[in-house]
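Visitor: No letters, just coordinates:
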């Protein structure tokens, strides 16, 4: 079901020139055709416009810019180093002071997995943000898939309850269901007195999974944390020959899992456990076991698209199929700073990543998620790509949030 | 390299428990409960032997050990120069500074002055040797309260050495559990008692006293969940426990001690901190001198001491405070180059993001030219901004931010007093009991008046900026004299 945004069109903010511009740009697929330098110019202009917009709508930003001696009209990307805040500040009700006055109400709030034991990061998304996310994330997915999202079936190896607070699940369901894609959930939440978190209460919903395997619809999209793909493949390998023949051979007719024409695997959340193979290995393992068809109806390994998503990031960073290089949305400004000095890293290199999304209109979405990434050469619209390296080291008193992929691994460990 | 307990009586290795491996030690051993039980039978006997020796003879014997440490090529001193930087995280120069203090303490001059200080013992240290007449026909004697169990903190080797020596000088059988960070320091110092015993330059009388003192000493690392630790607190026949620390660890200790039928006395040296107060008017002609002194106080032990300044108040205008902050940051930069430290990845990230938050909140932030997190000076107007820019998940506590000083411009001295009083209630000081030391840079008369007001709010020490770390023999520690706490007095008329 799409997220309900009824009535948002009547909100006064919908007439704000900045919001109008954002809504228009978020639909614009031609952004993916522009040169990286043209996009950078556009992002800079949007950065300046956004500071003006937020200053008009929350005095917190006026004070901040004054204190930093920044004029929105002449601000440069280097200033983002000081403007961006650590995601840690969005724990609990930390986002509140950054939210604009008269924000459109009725939108959902999302939170991080909470596996660190601290207050999770909590982010409110206004209905305007939801409208924007539908377009930016759908366009992002289509740009890596190479075809439009239109009909078919998708299965999350997750429980439907997760969409109530996990932005990645909610965003994908929202964006996909708008495009008439039938959404299924291959896991369910069970009562378990020993479980402390929802992640530990997750169990596979075999009925839904088998119906997805057997479904003739196409394209089919399989969405999960990498551990979900790994466990799925392992269960085929580890089953006894008899079980393999009866259940997988006669009943389910897998492997391979057939995703049909245009089908693909989407993973997100990364790998946290030491008992899980590397992403490269999982991608390799999936080639024979999960297949799709290309535009000429030839059977191919299912395109494996890995995504990077943060609760505080409206736009998912998609990889090209079978690659780990992440591409930001053309309007997202992703930058790296040196981990020792926090000075911007020009060109290629490894550093602490910062992200600015001009299309989020609820609060200034400029943040450091606490990840180390590397900018690498890549021939895409952005002019380069980003490889996720690792989360920054945790330490007592300074506990960075683990991404939800880690939560899902905990769910699998319990089985 | 193994981490072994020390005991002059010798703890048989087969009765030791192997703990978790911790770098740089390949094996970490701690005593079993059986070992401690067998030791307990002899503890009072050892204490009795200590009492048979005059306190001044004991001081002379300790001085013989100090002689060994005066030699910078002393094997144990050189060993510590290698180990302690790794276990404590301090720069070798900082360790050198610390190791220079060891022979000074062991020399005994200050220890003698401390014990003879009438505020410590009326009648001086000789009250430990026998009855001293305190009024006509009236006498008192100080008896050991022990056996004593000292649980040391990890910020410096000096306080546990001091506590250990005071405990032995007051005739207590002493079990010291240092922190892992400075364990090696305590172990090597106690081993050097044996070195002095074996030295040809030491008289047989002194050797005999050294033997008695090392017999009455145990130094052992014990993890918080160790059976030995639990046994000592819950069951052992102790007279006193001296705990350096606070927070959850203190609660656990209190709970365990409540079960001990022997009712040992608990002496707490809680987590404390320092505040510097600089009068802008008074220092305007020579800000460099004050800034230099404050920088030295700040850089020592990377603000981990109970007297380290973790906040400063500048009495004057915000503009003048920024001027002072700039001079101070130059001094800090110079000091940091000679006593650099290592920061963890989390500390660096934390510092970098908080610096920017403070800038956004309107504070002036000074940092090294290269942008690294080595040191940070923040100047804020009227109130500290640190609590304003952090949240409930990350308090940016004083333990997370080495060499980081916020200078708050305060118009009047009264404002500083209020801030010092409120300090333990602030998020970034969570877990800190209160300010122990106030360093001042102001005229003598103002300082005297200010010190009186500070004493009313429970401040233990008011000393000039630049000497916040420095203690004299006459100073009580955290409002008390430990020697008195580790003894009880008997009266004779």
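Guide: Sure, I can see it. Worth saying up front: this structure is predicted, and the values here are computed from it rather than measured.
Visitor: Report the central residue of the chain.
Guide: Since you didn't name a chain, this refers to chain A. residue A:309 (2.8 Å; CA atoms, centre = their mean).
Visitor: Correction: the question concerned chain B.
Guide: residue B:159 (4.0 Å).
Visitor: Spit out the contact partners of it.
Guide: If you count contacts by CB atoms under 8 Å, 6 or more residues apart in numbering or on different chains, residue B:159 has them with B:152-153, B:244, B:269. Glycine gets a C-beta too; all of them are placed from N, C-alpha and C.
Visitor: Now do it against residue B:188, distance only.
Guide: According to CB to CB, to the nearest Å, residue B:159 stands 16 Å off from residue B:188.
Visitor: cool, and residue B:264?
Guide: Distance, residue B:264 to residue B:188, using CB to CB: 28 Å.
Visitor: What of residue B:353?
Guide: Where residue B:188 is concerned, residue B:353 sits at a distance of 40 Å (CB to CB).
Visitor: One more: residue B:281?
Guide: For residue B:281 relative to residue B:188 (CB to CB), the value is 49 Å.
Visitor: what sits against the residue nearest to the centre of chain A?
Guide: So residue A:309 contacts A:167-168, A:171, A:268-269, A:316-317 (CB under 8 Å, 6+ apart).
Visitor: Which residue, other than its chain neighbours, is closest to it?
Guide: Leaving aside its chain neighbours, residue A:309 sits nearest to residue A:168 (4.2 Å; criterion: CB to CB, 6 or more residues apart in numbering or on different chains).
Visitor: what helix or strand is the one you found on?
Guide: In the assignment (DSSP states H and E), residue A:168 maps to helix A:167-178.
Visitor: which other helices and strands contact the helix or strand following that helix?
Guide: Once the chain leaves helix A:167-178, the next helix or strand it forms, by DSSP H and E, is strand A:182-185. In terms of contacts (3 or more CB pairs under 8 Å, 6 or more residues apart in numbering or on different chains; DSSP states H and E), strand A:182-185 is packed against strand A:153-156, helix A:167-178, helix A:206-214.
Visitor: buried residues in strand A:182-185?
Guide: By neighbour count with 16 or more other CB atoms under 10 Å in any protein chain shown, strand A:182-185 contains the buried residues A:183-185.
Visitor: Ok, stretch A:212-223 next?
Guide: Under 16+ other CB under 10 Å, the buried positions of stretch A:212-223 are A:212-213, A:215, A:218-223.
Visitor: of those, the lowest pLDDT goes to which?
Guide: Lowest pLDDT within these is found at residue A:213 (84).
Visitor: mind checking how far that residue is from residue A:260?
Guide: Distance check for residue A:213 against residue A:260: by CB to CB, it reads 12 Å.
Visitor: SS state for the nearest residue to residue B:31 once chain neighbours are set aside?
Guide: Nearest residue to residue B:31 in three dimensions, chain neighbours excluded: residue B:228, at 5.1 Å (CB to CB, 6+ apart). At residue B:228, secondary structure determined by DSSP: H, G, I helix; E, B strand; the rest coil is helix.
Visitor: next one: residue A:265
Guide: Applying three-state DSSP: residue A:265 is strand.
Visitor: Tell me which residues touch it, please.
Guide: A:221-224, A:229, A:259, A:286, A:290, A:302-305.
Visitor: and which of these is nearest to residue A:44?
Guide: Taking CB to CB as the measure, residue A:44 sits nearest to residue A:305 out of those, at 29.0 Å.
Visitor: Just say helix, strand or coil for that closest one.
Guide: Relying on three-state DSSP, one would call residue A:305 strand.
Visitor: my read: it touches residue A:321, true?
Guide: Yes - using CB atoms under 8 Å, residue A:305 is in contact with residue A:321, at 5.6 Å.
Visitor: Helices of the stretch 101-250 of chain B, start to end?
Guide: Using DSSP state H, counting those that start in this stretch, the helices assigned to the stretch 101-250 of chain B run over residues B:109-116, B:158-169, B:183-197, B:204-215, B:227-234, B:247-258.
Visitor: So which elements touch the helix or strand following the last one?
Guide: What that stands for is helix B:247-258. Beyond helix B:247-258 on the C-terminal side, the first helix or strand identified by DSSP H and E is strand B:265-269. With contacts defined as 3+ CB pairs under 8 Å, 6+ apart, strand B:265-269 has these neighbours: strand B:240-244, helix B:247-258, helix B:482-485.
Visitor: Report the rounded mean pLDDT for the shortest one.
Guide: Across helix B:482-485, pLDDT averages out at 94.
Visitor: Residue B:281 and residue B:188 - which one has more neighbours?
Guide: residue B:188 (23 against 12; other CB atoms under 10 Å in any protein chain shown).
Visitor: For residue B:160, see how far away that one is.
Guide: For residue B:188, the distance to residue B:160 - CB to CB - is 13 Å.
Visitor: ditto for residue A:256
Guide: 66 Å.
Visitor: from the helices and strands packed on strand A:182-185, which stretch is densest packed?
Guide: Stretch with highest mean neighbour count among those: strand A:153-156 (a mean of 25; mean count of other CB atoms under 10 Å in any protein chain shown).
Visitor: So what touches that one?
Guide: A:162, A:169, A:172-173, A:176, A:181-187, A:208-209, A:212, A:215, A:217-224.
Visitor: which regions of chain B lie under the pLDDT threshold?
Guide: B:10-11, B:13-14, B:20-21, B:392-393 (pLDDT under 70).
Visitor: Can you tell me which residues in it are near chain A?
Guide: Contact residues, chain B versus chain A (CB under 8 Å from any CB of the partner chain): B:344-350, B:352-353, B:355-357, B:359-362, B:370-373, B:391-395, B:397, B:399-400.
Visitor: go with 6 Å
Guide: B:344-346, B:349-350, B:352-353, B:356, B:359-360, B:362, B:370-372, B:391-394, B:400 (CB under 6 Å from any CB of the partner chain).
Visitor: List only buried entries from the residues you listed.
Guide: By 16+ other CB under 10 Å, the residues of chain B next to chain A give B:345-346, B:349-350, B:352-353, B:356, B:359-360, B:362, B:371-372, B:391, B:393-394, B:400 as buried.
Visitor: Which one of the residues you listed is nearest to residue B:121?
Guide: Set against residue B:121, the nearest of those by CB to CB is residue B:400 (40.6 Å).
Visitor: Look up how far residue B:297 lies from the closest one.
Guide: For residue B:400, the distance to residue B:297 - CB to CB - is 19 Å.
Visitor: How about the residues of chain A by chain B?
Guide: Counting by CB under 6 Å from any CB, chain A sits next to chain B at A:64, A:67, A:82, A:86, A:88-89, A:91-92, A:94, A:118-119, A:340-343, A:392-393, A:395, A:397-398.
Visitor: Kindly recompute the last result at 7 Å.
Guide: Contact residues (CB under 7 Å from any CB of the partner chain) of chain A with chain B: A:64, A:67-68, A:82, A:85-86, A:88-89, A:91-92, A:94, A:118-119, A:339-343, A:352, A:368, A:392-395, A:397-398.
Visitor: and which of the buried residues of strand A:182-185 is nearest to chain B?
Guide: residue A:185 (30.5 Å; CB to the nearest CB).
Visitor: which ones are touching the closest one?
Guide: A:156, A:158-160, A:205, A:208 (CB atoms under 7 Å, 6 or more residues apart in numbering or on different chains).
Visitor: Number of residues surrounding residue B:129?
Guide: Residue B:129 has 18 nearby residues by other CB under 10 Å.
Visitor: Give me the distance between it and residue B:46.
Guide: 17 Å.
Visitor: who's in contact with whichever strand or helix holds residue A:389?
Guide: Per DSSP H and E, residue A:389 falls inside strand A:384-391. Residues from elsewhere that reach strand A:384-391 (CB under 7 Å, 6+ apart): A:270, A:308, A:324-327, A:334, A:348, A:350, A:370-378, A:400.
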